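Q: build me a model:
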Amino acid sequence: MSRKIRSVTLLAVLGVLLLVAACGPAATPTPANSINSIQGIVWQWVSVTNQSTGEETSVRNPEKYTITFNANGTLNGQADCTTFNGTYSQKGGLTILGASKTGLCGAGSLDEQYLALLNSVAAGGPDGAGGLALETAGGEQRMLFKNGGAASE
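A: Predicted coordinates for the structure are as follows:
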């Protein structure tokens, strides 16, 4: 085979490979797309895991501990007997900024723990199984949420 034919054949093969690569599956979602995929859903808190000890605490009544991320950068939710609202940022990952509540629930409630964890969130997004995972700074605590349905507008 001549050198010229080999060069043309090699170029043709490379061209086909580039064409196949361009027609392949779409790229993985960007962080912004991941954030958009968690908006407008009432997320129900189901558990928190201490990553260093492996200790997992299940939430008895997930429907009483919710969070909804709105497209305008605000959030709202329920912490047992009280409601809260705040904002979140997408810069450098998901960060919750100042979730503040409207009252106290008393002994036996997880409202204080829930809000303290939310106010420490430094990363999060879809967990790959239809849920939401939020982590505190350094990944020390990992909160898991299930999809509780679409938020009412």
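
Q: use CA for all of it now, contacts and neighbours both
A: Noted.

Q: ok, Ser109 - contacts?
A: Taking CA atoms under 8 Å, 6 or more residues apart in numbering, we find Ser109 in contact with Asp80.

Q: quick one, helices of the chain?
A: Listed in chain order, the helices of the chain (DSSP state H) span 3-22, 31-38, 111-118.

Q: least reliable of those helices by average pLDDT, please.
A: When mean pLDDT is averaged over each of the helices of the chain, helix 3-22 scores lowest at a mean of 39.

Q: okay, the residue nearest the centre of the chain and Phe145: tell me how far apart.
A: Residue closest to the mean C-alpha point of the chain, counted by CA atoms, centre = their mean, is Gly125 at 1.3 Å. Here the criterion is CA to CA, to the nearest Å. By it, Gly125 lies 10 Å from Phe145.

Q: which residues do these two both contact?
A: Taking CA under 8 Å, 6+ apart as the contact criterion, the residues that touch both Gly125 and Phe145 are Leu132, Ala133.

Q: could you report the pLDDT at Lys146?
A: Spelled out, the predicted local distance difference test score at Lys146 is 98.
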